[in-house]
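**Q** sequence first, predicted model second:
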Amino acid sequence: MYDDLPQDDEDEEPSPIPVMKTIDIPLNSIEIGERRRSDAGDLSTLAFGLKRVGLLQPIIVDREKRSGPYKLIAGFRRLKAARLLRWKTIAASLLDTLTEEERRDIELEENENRKSLTAAERRKRFRASAQVAESAKKAREVLRRSAEKPDQKRTKGGRPTAPASERAVAEAVGVSVRTVERAEQHVELAGRFQWLQTDDWLQADVEKLRRLMNRLPDEAERDRLYQFMEETASPMLPRKDRIFEYAEIMPRKSQAQRDEIGTA
């Protein structure tokens, strides 16, 4: 009964993420330079979010000389919004060493993931979704604290202060509500399985996999299949095309066949 199930081949390990340190730098010391995108779009929502909860995700800069200007790598819209608010300094992650190819890769990912105006937002990699999800988490906490009165942290009925609306959270992050929702769904599922965190698995891929797997009758069975796919590929990383084949095939099998595979 296993003949129609795909077999996995070896895949490469993902490249390590460059190590960065965060510092506060003057806005007038940052050069934007030639970029793939010059249109920052409507900055009003993002500026409102920065003013309300502060900068949730530092920009990324590089510096060729110790005394020279900083070069913006990622965070174009955040930098423009900060200048609109007349900030003097901004938190930045400094990349000590970065090749031109790595700079372009980070900038491309940044352009696809921060503006959130087209279908490009669904091409996010895991770490980009994780940044949005983490920013949303921070925004919820900041908004919750700001909504609580110093002398009364609960309502008269003893209930906790109502959580911030998803619209308020999205505005604080500077993206759409749907962008936050997709990022959090991406992180929720990929956070449970490391093979979904590789650069080969984009946000749209994880959404498609979730959609296919939801055709199975219950969550416990879906979890068993995820585990089965992970274990049958160990110690190799499961190939995306093979995983989709599993997800397409399994709902068409009988309950008895799925139970046998899940316990094999």
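**A** On my side now, so go ahead.
**Q** ok, Leu209 touching Phe244?
**A** Yes: Leu209 lies in contact with Phe244 (C-beta atoms under 8 Å); the separation is 7.0 Å. Any C-beta I mention is one placed from the backbone N, CA and C, and that applies to glycine too.
**Q** between these two, who's got more neighbours?
**A** Set Leu209 next to Phe244 and count neighbours by other C-beta atoms under 10 Å: Leu209 wins out with 21 against 15.
**Q** checking that one next. Helix, strand or coil?
**A** Using DSSP: H, G, I helix; E, B strand; the rest coil, the structure places Leu209 in helix.
**Q** ok but Leu72 is inside a strand, no?
**A** Yes: under three-state DSSP, Leu72 falls within a strand.
**Q** what is the neighbour count of the closest residue to it other than its chain neighbours?
**A** Nearest non-adjacent residue to Leu72, counting by C-beta to C-beta, 6 or more residues apart in numbering: Ile32, 5.1 Å away. Ile32 has 11 neighbours, counted by other C-beta under 10 Å.
**Q** wait, Ile32 sits on Phe76?
**A** Yes: counting by C-beta under 8 Å, Ile32 touches Phe76, with 6.9 Å between them.
**Q** show me the contacts for Leu72.
**A** 30-33, 35, 59-61, 79 (C-beta atoms under 8 Å, 6 or more residues apart in numbering).
**Q** and of those, the nearest to Ile249?
**A** Ile60 (41.9 Å; C-beta to C-beta).
**Q** what sits closest to Leu43 if chain neighbours are left out?
**A** In space, Leu43 is closest to Ala81, 4.8 Å off (C-beta to C-beta, 6+ apart).
**Q** so who does that neighbour touch?
**A** Ala81 neighbours (C-beta under 8 Å, 6+ apart): 43, 46-47, 50, 174.
**Q** got these as a markdown table, with secondary structure, neighbour count and distance to Ala139 columns?
**A** As requested, those are arranged in a markdown table below (DSSP: H, G, I helix; E, B strand; the rest coil; neighbours: other C-beta atoms under 10 Å; distance: C-beta to C-beta, whole Å):
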| residue | secondary structure | neighbour count | distance to Ala139 |
| --- | --- | --- | --- |
| Leu43 | coil | 18 | 17 |
| Leu46 | helix | 25 | 12 |
| Ala47 | helix | 19 | 15 |
| Leu50 | helix | 22 | 11 |
| Gly174 | coil | 26 | 10 |
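**Q** mind picking the two most distant members of the residues you listed?
**A** Applying C-beta to C-beta across these, the maximum distance is between Leu43 and Leu50, 9.4 Å.
**Q** report the beta-bridge partners for Ile23.
**A** Ala92 (DSSP bridges).
**Q** quick one: which of the contacts of Leu72 is nearest Leu94?
**A** Closest to Leu94, out of all of the contacts of Leu72 and judged by C-beta to C-beta, is Val61, at 5.9 Å.
**Q** so is the closest one in a helix, a strand, or just coil?
**A** Val61 ends up strand, using three-state DSSP.
**Q** list phi and psi for Arg145.
**A** phi -60, psi -40 (degrees, to the nearest 10).
**Q** and it, how many neighbours?
**A** The burial count for Arg145: 11, using other C-beta under 10 Å.
**Q** what segments of this structure are strands?
**A** Remark: strands assigned in the chain by DSSP state E are 20-26, 30-31, 59-62, 70-74, 89-95.
**Q** these: which one's closest to His186?
**A** That would be strand 70-74 among these, by C-beta to C-beta, at 18.9 Å.
**Q** please export the alpha-carbon coordinates of that closest one; PDB is fine.
**A** Extracted C-alpha coordinates of strand 70-74, given in PDB (Å, rounded to 0.1, in the frame of the first residue of the first chain):
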ATOM      1  CA  TYR A  70      26.000  53.800   7.000                       C
ATOM      2  CA  LYS A  71      24.500  52.100   4.000                       C
ATOM      3  CA  LEU A  72      20.900  51.000   4.200                       C
ATOM      4  CA  ILE A  73      20.400  47.300   3.500                       C
ATOM      5  CA  ALA A  74      16.800  46.800   4.600                       C
END
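**Q** ok and that strand relative to strand 89-95, angle-wise?
**A** 80 degrees (axes from the mean of the first three to the mean of the last three C-alpha atoms, to 10 degrees).
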